[in-house]
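*Asks:* pasting a predicted model and its sequence here:
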Amino acid sequence: MESMAIADGLQARFPEEILQCFSFQGQVGVGIRPDRVVEILGWLRDDQAMRMDHLRSLCGVDNARRKNGGLGRFEVVYNLYSIALRHEIRIRAQLTEEDPSIDSVVSLWSGADWMERETYDLMGIRFNGHPNLRRVLLPDDWEGHPLRKEYPLRGRGEWVGITDLQAKLEELDAHGFKADDPGPEAGDAGDAATGKRKGDC
Amino acid sequence: MTVLTMLLHIVVLVVVVLLHVAYATYFERKIIGRMQVRMGPMRVGWHGLLQPIADGVKSFFKEDIIPERADQTLFRIAPVICLVAMMSSLAVLPFAEGWVLADIDIGLLFIFGMSALAAYGVVLAGWSSNSKYSFFGGMRSMAQVISYEIAMGLSLVGVMLMAGSLNLSEIVRAQGDSLFGMYLLPQCVGFFVFFIAMLAETNRVPFDLPEAETELVSGYSTEYSGMRYAMFFMAEYIGMLMMASIGTICFLGGWHGPFAVPFFPPFWFVLKVYLFMFAFIWIRATLPRYRYDQLMGLGWKLLIPLALANIVVTAGVKALIG
Amino acid sequence: MSVPSRKILEVPVADGENERYSLRMGPQHPATHGVLRVDLDLDGETIMRCTPQVGYLHRGFEKLAENRTYAQALILTDRLDYIGAMANNVGYCVAVERLLGISVPMRAKYIRTIAAEMSRLSSHLLWLATHALDVGAMTVFLYCFREREILLDLFEELCGARLTYSYPRIGGVRQDVTSRFVDELGRFIDIFPSRIEEYETLIDTNRIWLKRTVGVGKLSGAEALALGITGACLRGSGVDYDLRKHQPYDAYDQVDFEVPLGSDGDVYARYRCRMEEMHQSIRIIRQCLDQLPPGPIIGPDAPDLIMANRAPARMAAGSNRYGGGLIQLIRDQDLFPSGDIYVATEVPKGELGFYFISEGSNRPYRMHIRSPSFMHISALAVVARGGLIADLIANIGSLDVVLGESDR
């Protein structure tokens, strides 16, 4: 089926949910409201004319610096593909800045589990009903979501966990693992080195 | 005087065996290298001939690291147990007519006892390292040795029945009268079981689960380094030599050969032992590794019933003929 | 030296109904293929729960790409799946070309197809080597490396690099193939089928290999699809999904090849699929070499690439934040179309997708990488549950994961 026809089918089936259709280089994206996303994707997966059984990718986008108006602050992009019918569609669920959250589609595709965790991790979009919404690539105690546009490219200083590591190092020093360092000054030297590293960043 | 000669004999035996162990590693690396289209050791000495010496010196001078939370005493003792158990079983091996340190009547039993004792070293090493991989290695080794000790013991009962003795020299002499001077043909089932159990007893591929490097890092010896690791290593290779010797003595007719070699009576014995060693190495280069439950299945469901059947048949035939 | 209170190994003690033993495998472990960590809850050696942990190799490629030009971001894709880097390069270029509407001449398409298939061969060889080593067959490892060495030499002849190529360019390839490359590649594909047979004699019908792989890590087609598994792992479960057929790119619609399918979805089926794929890759390379058309290797509308330090005058026009030496994509702002696009290619590991958003500048507004390894690792929890530790190792090997790609 042509991508445009799929978009029309969606429009006919969920008229009040569809916001906008985007067509670019032969690919069609459909902007939707986030509230009934599970229902829409479920319909696309199960409908006999659609059979979008393959969730190719799921990612978040920060629209803060996009020129195209009318989009939400964030969006979650689902790329769907039907292996049997060989057609594809992109669903773009628009989220607001105040409440960047959307229902989880893990119930439809179990593989969405890690995709959603990644999106949460890097973009800070919460997925309601996700079984285990933790960070996946970054440490659990990382602050901020790096793929947001306001997050600086070089990061925001050291990872908080580094202090724990340093504490552990000092503990090890106390047991004499660093034989050539004089005991009491070892901690100070470590701090100085860290300070220098922080300054660099 | 006799004590002195005895000590001299012991020293000579230990030195010769240790040299054999060293060069067994060279032998193995060279052969596997050939099989795997590479050279093996080439740098130390002519064609790497001094490599084993270099390895020994290196491991001797390496720092002896003991994990802080390990059980210090057991951690130190474990490799010694292994090595001592393996070395003491050398005492009863007859290398040629009369070339034996302790010609005792329960030689075969003694060897079994010692090899079971060596398993303690492995288990204790796994336990005392306070590392989970080591622990798994130790557990696997314990289960494996217990299961395969039974199969191996039973596989040799046929030989004992035919020879009518547990004395290793007697077993060899008894084979002199049989077909081809060896028990290989009448005891082929026993030999089959023995051969597989032998691989498992020495933790060699395809039964190297206790030290499966891609699963358990290095199994029971994960936390060992330097000389203590070398002790495990030596124990393993002496174990291989031991098992190869038992196979030679019980199935291949020991020092008997097609003709007598002057000046060096153990010639045929050594040759046969090295045939076994080659088989060990060949198998290592060829086969993948069994899984734990499959290993147990093979031991209990195939080897032990086979060995039992072999005993019944051997005993029956002996009763009919004898 | 004061020794803190000594604690002897915690031994699992029966605690009511469950006795669990937890084991953290990795990130330093011989069989986790990089820096994968797997947290295991064990009952004896049976895995009750398996939790893969990734992120040790996270380098923030998606963020980095937003701050680089399209040409600069190409080198990031080398570091994704560093075993089959060429296929990533090709995938990236195909995606960018489609996004920016740049055409590629036929000769470049054929060369790219050859390069991508060589990359598939080298990746599958490394997979077979490590997979066999994980299962304990050591010799296969070295045999595979013998052939991989030839391939790496060929890559070196093609573009000068052995591991991180950055050989394709947006709109073509960087330089033409040499006649020596064509000859040597032809010789390699002549001998290679016999080498595959050599591997197969070692393991294919080996009883121990069969025992370790048949029926281990089973996945039905529907399960695998829901888990987002792609590539040979999905085809091993009997789902006919190969992007070279489904959405042909480069010269794949010009050549004739088959997509091998398995049915059982176990480790052995995946193994067979990849072995067959190697034969098909050779078939593709042979056809491409035969049909290789003459002509230019870079399209007329491909963006200029100039070394920044050689062209200071033009540099000023472009925006260069990173200083000398880097290859710049020089074009005026807002010449590119704005829009978003998802283009996926079949890399050795599975479906590698790039989702680009262009806002018209010479940098992507957003680049998302759909990495097959990431999905495969997430599936590990399902595949490994209920198996033994040894099965987990076989499964990691057979899912063919690369942490550089998973963590990005």
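*Replies:* Ah, there it is.

*Asks:* what helix or strand is residue A:121 on?
*Replies:* helix A:112-123 (DSSP states H and E).

*Asks:* buried residues in the helix or strand following that helix?
*Replies:* Following helix A:112-123 in sequence order, the next helix or strand is strand A:126-128 (DSSP H and E). Of all the residues in strand A:126-128, those buried under the rule 16 or more other Cβ atoms under 10 Å in any protein chain shown are residue A:127. C-beta: built from backbone N, CA, C; applies to glycine.

*Asks:* what does stretch A:40-52 give?
*Replies:* Neighbour-count burial for stretch A:40-52 [16+ other Cβ under 10 Å]: A:40, A:41, A:43, A:44, A:45, A:50, A:51, A:52.

*Asks:* hmm, which of those is lowest in pLDDT?
*Replies:* pLDDT across the buried residues of stretch A:40-52 is lowest for residue A:50, at 82.

*Asks:* could you measure from it over to residue A:88?
*Replies:* Distance from residue A:50 to residue A:88, counting by Cβ to Cβ, to the nearest Å: 11 Å.

*Asks:* so for the two, which residues contact both of them?
*Replies:* With contacts defined as Cβ atoms under 8 Å, 6 or more residues apart in numbering or on different chains, the residues adjacent to both residue A:50 and residue A:88 are residue A:82.

*Asks:* give me the secondary structure label for the residue lying closest to residue C:403 once chain neighbours are set aside.
*Replies:* Distance criterion Cβ to Cβ, 6 or more residues apart in numbering or on different chains; nearest residue to residue C:403, sequence neighbours excluded, is residue C:34 at 3.4 Å. Assigned by DSSP: H, G, I helix; E, B strand; the rest coil, the conformation of residue C:34 is coil.

*Asks:* so what's residue C:34 up against?
*Replies:* Taking Cβ under 8 Å, 6+ apart as the test, what residue C:34 contacts is C:57, C:401, C:402, C:403, C:404.

*Asks:* of all these, which comes closest to chain B?
*Replies:* Taking Cβ to the nearest Cβ as the measure, chain B lies nearest residue C:401 of the contacts of residue C:34, at 14.9 Å.

*Asks:* got the contact list for the closest one?
*Replies:* Applying Cβ under 8 Å, 6+ apart, the residues contacting residue C:401 are C:33, C:34, C:36, C:349, C:373, C:376, C:377, C:380.

*Asks:* list the contacts of residue C:390.
*Replies:* If you count contacts by Cβ under 8 Å, 6+ apart, residue C:390 has them with B:209, B:212, B:215, B:289, B:291, B:292, C:45, C:212.

*Asks:* the first one - how many residues pack around it?
*Replies:* One way to gauge burial is a neighbour count; for residue B:209, by other Cβ atoms under 10 Å in any protein chain shown, it gives 28.

*Asks:* next one: the second one
*Replies:* Neighbourhood size, residue B:212 [other Cβ under 10 Å]: 30.

*Asks:* surely it is in contact with residue B:220?
*Replies:* No. At 11.0 Å, residue B:212 does not count as touching residue B:220 under the criterion of Cβ atoms under 8 Å.

*Asks:* mind checking pLDDT for residue 142?
*Replies:* Reading this off chain A. 83.

*Asks:* switch to chain B, that's the one I care about
*Replies:* At residue B:142, the pLDDT recorded in the model is 84.

*Asks:* now residue C:376
*Replies:* At residue C:376, pLDDT is 91.

*Asks:* for residue A:193, same thing?
*Replies:* The model reports residue A:193 with a pLDDT of 39.

*Asks:* now the one 3 residues further on
*Replies:* According to the predicted model, the pLDDT of residue A:196 comes to 36.

*Asks:* what do you get for residue C:323?
*Replies:* 39.

*Asks:* got it, and the one 3 residues further on?
*Replies:* In the predicted model, residue C:326 carries a pLDDT score of 41.

*Asks:* tell me where chain A has strands.
*Replies:* Here chain A has its strands, by DSSP state E, at A:18-24, A:27-32, A:54-62, A:74-81, A:88-95, A:101-103, A:126-128.

*Asks:* dump those to a markdown table, plus distance to residue B:143 and mean pLDDT.
*Replies:* Below are these laid out as a markdown table (distance: least, Cβ to Cβ, whole Å; pLDDT from 0 to 100):
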| stretch | distance to residue B:143 | mean pLDDT |
| --- | --- | --- |
| strand A:18-24 | 62 | 83 |
| strand A:27-32 | 58 | 87 |
| strand A:54-62 | 44 | 89 |
| strand A:74-81 | 49 | 90 |
| strand A:88-95 | 53 | 88 |
| strand A:101-103 | 49 | 89 |
| strand A:126-128 | 45 | 89 |
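
*Asks:* export those to CSV and append columns for distance to residue A:4.
*Replies:* Formatted as CSV, the strands of chain A follow (distance: least, Cβ to Cβ, whole Å):
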stretch, distance to residue A:4
strand A:18-24, 7
strand A:27-32, 6
strand A:54-62, 19
strand A:74-81, 15
strand A:88-95, 10
strand A:101-103, 25
strand A:126-128, 29
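
*Asks:* which among those strands is found nearest to chain B?
*Replies:* Chain B lies closest, by Cβ to the nearest Cβ, to one member of those: strand A:54-62, at 32.3 Å.

*Asks:* so, in contact with chain C or not, that closest one?
*Replies:* Yes. Judged by Cβ under 8 Å from any Cβ of the partner chain, strand A:54-62 and chain C are in contact via A:54, A:55, A:56, A:57, A:59, A:61, A:62.

*Asks:* pretty sure the second one sits against residue A:78.
*Replies:* Yes. With contacts defined as Cβ under 8 Å, residue A:55 counts as touching residue A:78 at a distance of 6.6 Å.

*Asks:* and for these two, which residues touch both?
*Replies:* Between them, residue A:55 and residue A:78 share these contacting residues under Cβ under 8 Å, 6+ apart: residue A:105.

*Asks:* tell me the contacts of the closest residue to chain B within the stretch 51-200 of chain C?
*Replies:* Residue of the stretch 51-200 of chain C nearest chain B, by Cβ to the nearest Cβ: residue C:136 (2.8 Å). Contacts of residue C:136 were listed using Cβ under 8 Å, 6+ apart, and they are B:205, B:206, B:208, B:212, B:214, B:287, B:288, B:289, C:208, C:212.

*Asks:* and these, which is closest to chain A?
*Replies:* Closest to chain A, out of all of the contacts of residue C:136 and judged by Cβ to the nearest Cβ, is residue B:214, at 25.2 Å.

*Asks:* poorly predicted segments of the stretch 201-350 of chain C, please.
*Replies:* C:304-335 (pLDDT under 70).

*Asks:* how about the residues of it near chain B?
*Replies:* Close to chain B, as judged by Cβ under 8 Å from any Cβ, the stretch 201-350 of chain C has residues C:202, C:203, C:206, C:208, C:209, C:211, C:212.

*Asks:* pick out the most distant pair among those.
*Replies:* C:202 and C:211 (15.3 Å; Cβ to Cβ).
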